[in-house]
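> sequence first, then the predicted structure, then my questions.
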Amino acid sequence: MSKVVVLGIDALDAGLLERWKSDLPNFSRIMEEGYFSPLESTKPPDSIPAWVTIYTGMQPWEHGVVDSMDYLDIKKGAQAVDTGIFRGKTFWDKAGEAGKRVCIVNPLLAYPVWPVNGIMVNGPVFITGEAQAYPEEIAQGIALPELGGMTDFPDRGDLGAFLDRTAQVTRAQAAFGLDLMGREEWDVFFLCLLTLDRVMHFLWRYTDPEDPTYPGSNPFENSIKDFFVLLDSIVGDYLDRLSPDQRLVIVSDHGHSRRPTKALYINELLRREGLLKTRQGKVPGLNPVALVEKTKTAFLRMMHRLDLEDWVYKIASLIPKEKRKSLKSSSYAVAREASLAWLSDTGGGTSFGGIEINRGLCVAQGQDYESLRDRLTELLKPLTNREGKPIVESAGKREDVFRGPNVDKYPDVVFELREDYGVDRTLFSGLLGKSSTHRKVSGGHSKYGALMLLGTGVVPPAGEPHISQVCGTIMRILGLE
């Protein structure tokens, strides 16, 4: 039975740790002296369901948090998660119930804070707001660092300031956590750092010469590696403070790689098959929806070609919020009440996606639901790119991929594309195109994060580890499983 220090680092990628390990002495020490492995994430690999899986040991279809986060619409997820779903079920709650003293700092989504057997400090995610502490007197007389956060969306001209500010926030959070860690011999200490994910989303193309939008040699070409070096120094600070009876766990929710640069227009495919209906104008023979969609697509492609995506967002900011969101997602164009199927929000614009079926309309039209799911699956599987190579890696009914009491929270049909293709809602165009938003958000989540363990007697998960095994690993270190 030991104490445990858990450092959660959002998007810490195992492959990048290997690539840069000669410049990361503290991560390298753990690799050599302890346990290190790629860690399989949830499907899709998204922070919202993945962190809840780490906290609870339950798969998303078990705990019920399956929301995806679209970085092009980051505030969408602000109210997406009811913490009551996992409050009381986390590893720190279970440890506290067993009499263990806990100190919990900045866990994604776990806000507002709740009573624990020790300290819990956090801020709201996706929206601005005040950090909270339990008990409240912990925050008296000290300046809490920025916690939660994730609200900034930098333009190209703001990247330098964004990097500086993000590094400053990271150092402040780490120092604050280190101070709390030293106040008591905690049985469980947990600090979650979310900032690496942000850096990689916005800076990836500046560091990846193989990215088609790589600008050539630039001031940010080492920005991601530099952030790994910063995190390595923070890990070193925590290593220096470990007591003989403390074991270290470093865990990430997913990895990171290049976001898809190409797009498959699923809704357009469904429209051509007569499964998705668009709204019609009042003048016979004139389709204003098609005109707006074609004009929007032509404009976005031109701005992408001219490397002027930042101006798209400046122009879009002049449009009222609800109309802007409707135009961006093409939701204004889709007559869902008359449609049998449409692209779901699952996957957040990544290579993973799903199709929702209007089951009420299926019944009204005498359509067989299972036959329609089979039709959609067979519609997706043979899709190829212009070179004749398959685009769809897999497609099937949700029950073929997921199990458990919350399986109905997933789309009726789920699919995964080749890693260079993402889903898109564009209508009245070809079926294939380039991502018109890649320059804005060029980094995306990948399947494998990292798990690192250090300390005598720590038993790693059996086989190839999955993030659902992290909670159990922590509980075993504590002697509670």
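All right, it came through fine. Residues are numbered from 1 along each chain as shown.

> what is the burial count for residue 24?
Using other CB atoms under 10 Å, residue 24 has 23 other residues around it. Using the backbone N, CA and C atoms, a C-beta is placed for each residue, glycine as well.

> and residue 143, by the same measure?
Applying other CB under 10 Å, we find 8 residues neighbouring residue 143.

> next one: residue 317
9.

> could you measure it against residue 185, distance?
Residue 317 sits 51 Å away from residue 185, going by CB to CB, to the nearest Å.

> now the helices for the stretch 251-400 of the chain?
Taking DSSP state H, counting those that start in this stretch as the test, the helices found in the stretch 251-400 of the chain are 266-272, 288-305, 309-316, 321-329, 359-364, 369-380, 398-401.

> need these in JSON lines (columns: distance to residue 247 and mean neighbour count).
Shown next, in JSON lines, are the helices of the stretch 251-400 of the chain (distance: least, CB to CB, whole Å; neighbours: other CB atoms under 10 Å):
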{"stretch": "helix 266-272", "distance to residue 247": "46", "mean neighbour count": "21"}
{"stretch": "helix 288-305", "distance to residue 247": "49", "mean neighbour count": "15"}
{"stretch": "helix 309-316", "distance to residue 247": "45", "mean neighbour count": "15"}
{"stretch": "helix 321-329", "distance to residue 247": "46", "mean neighbour count": "14"}
{"stretch": "helix 359-364", "distance to residue 247": "49", "mean neighbour count": "12"}
{"stretch": "helix 369-380", "distance to residue 247": "45", "mean neighbour count": "17"}
{"stretch": "helix 398-401", "distance to residue 247": "34", "mean neighbour count": "16"}
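
> relative to residue 99, which of those helices is closest?
helix 398-401 (39.4 Å; CB to CB).

> now render the helices of the stretch 251-400 of the chain as a markdown table, adding distance to residue 388 and mean pLDDT.
Formatted as a markdown table, the helices of the stretch 251-400 of the chain follow (distance: least, CB to CB, whole Å; pLDDT from 0 to 100):
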| stretch | distance to residue 388 | mean pLDDT |
| --- | --- | --- |
| helix 266-272 | 17 | 95 |
| helix 288-305 | 23 | 83 |
| helix 309-316 | 30 | 74 |
| helix 321-329 | 31 | 72 |
| helix 359-364 | 34 | 94 |
| helix 369-380 | 16 | 96 |
| helix 398-401 | 27 | 94 |
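
> please convert those helices to JSON lines, extending it with distance to residue 96.
What follows is the helices of the stretch 251-400 of the chain, written out as JSON lines (distance: least, CB to CB, whole Å):
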{"stretch": "helix 266-272", "distance to residue 96": "45"}
{"stretch": "helix 288-305", "distance to residue 96": "50"}
{"stretch": "helix 309-316", "distance to residue 96": "44"}
{"stretch": "helix 321-329", "distance to residue 96": "41"}
{"stretch": "helix 359-364", "distance to residue 96": "43"}
{"stretch": "helix 369-380", "distance to residue 96": "44"}
{"stretch": "helix 398-401", "distance to residue 96": "34"}
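
> those helices: which one's closest to residue 13?
With CB to CB as the measure, helix 398-401 is the member of the helices of the stretch 251-400 of the chain nearest residue 13 (23.8 Å).

> next structured bit after the closest one?
strand 413-417 (DSSP states H and E).

> between that next one and helix 369-380, how many degrees?
Counting by axes from the mean of the first three to the mean of the last three CA atoms, to 10 degrees, strand 413-417 lies at 10 degrees to helix 369-380.

> OK, contacts around residue 301?
Listed by CB atoms under 8 Å, 6 or more residues apart in numbering, the contact partners of residue 301 are 433-434, 436.

> in those, which residue is surrounded by the most others?
Most neighbours among these, by other CB under 10 Å: residue 436, with 21 neighbours.

> nearest residue to that one in space, please, no chain neighbours.
residue 300 (4.0 Å; CB to CB, 6 or more residues apart in numbering).

> same deal with residue 154?
Using CB to CB, 6+ apart, the closest residue to residue 154 is residue 162 (4.0 Å).

> count the residues that sit near the one you found.
Residue 162 has 19 nearby residues by other CB under 10 Å.

> outline the domain layout of this protein.
Domain assignment for the chain by automatic domain parsing gives 3-258+443-477, 262-434.

> sorry, back to before: the residue nearest to residue 154: which element?
helix 159-181.

> and the next element down the chain from that helix?
strand 188-193.

> so how far is that following strand off the chain centroid?
Remark: strand 188-193 is offset 19 Å from the chain centroid, using CA atoms, centre = their mean, to the nearest Å.

> what of stretch 262-270?
Taking the mean of its C-alpha atoms, stretch 262-270 sits 22 Å from the chain's own mean (CA atoms, centre = their mean).

> contacting residues around it?
With contact meaning CB under 8 Å, 6+ apart, stretch 262-270 is reached by 276, 330, 334, 339, 341-343, 353, 355, 379, 383, 385, 391, 417, 420-436.

> any weak-confidence spans in the chain?
Applying pLDDT under 70 to the chain picks out residues 68-80, 126-129, 149-151, 281-286, 318, 324, 348.

> mind doing that once more with 50?
71-72, 74-80 (pLDDT under 50).

> hey, C-alpha coordinates of stretch 53-73 in CSV?
Taking Å, rounded to 0.1, in the frame of the first residue of the first chain, the C-alpha atoms of stretch 53-73 are listed here in CSV:
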residue,chain,number,x,y,z
THR,A,53,-13.2,7.2,-18.3
ILE,A,54,-9.8,7.8,-16.6
TYR,A,55,-11.6,9.1,-13.5
THR,A,56,-14.0,6.2,-13.2
GLY,A,57,-12.6,3.2,-15.0
MET,A,58,-15.8,2.9,-17.0
GLN,A,59,-16.1,3.0,-20.8
PRO,A,60,-18.1,5.9,-22.3
TRP,A,61,-21.0,3.6,-23.1
GLU,A,62,-21.1,2.7,-19.4
HIS,A,63,-20.7,6.1,-17.8
GLY,A,64,-22.8,7.8,-20.5
VAL,A,65,-20.6,10.8,-21.3
VAL,A,66,-20.0,10.5,-25.0
ASP,A,67,-19.9,14.2,-26.1
SER,A,68,-17.3,15.3,-28.6
MET,A,69,-15.5,18.7,-28.6
ASP,A,70,-15.3,20.6,-31.8
TYR,A,71,-12.4,23.0,-31.6
LEU,A,72,-14.0,25.2,-34.2
ASP,A,73,-17.0,25.6,-32.0
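
> bridged to the closest residue to residue 44 other than its chain neighbours, which residues?
When the adjacent residues along the chain are set aside, residue 44 lies closest to residue 352, with 3.7 Å between them (CB to CB, 6+ apart). Taking DSSP bridges as the rule, residue 352 bridges to residue 416.
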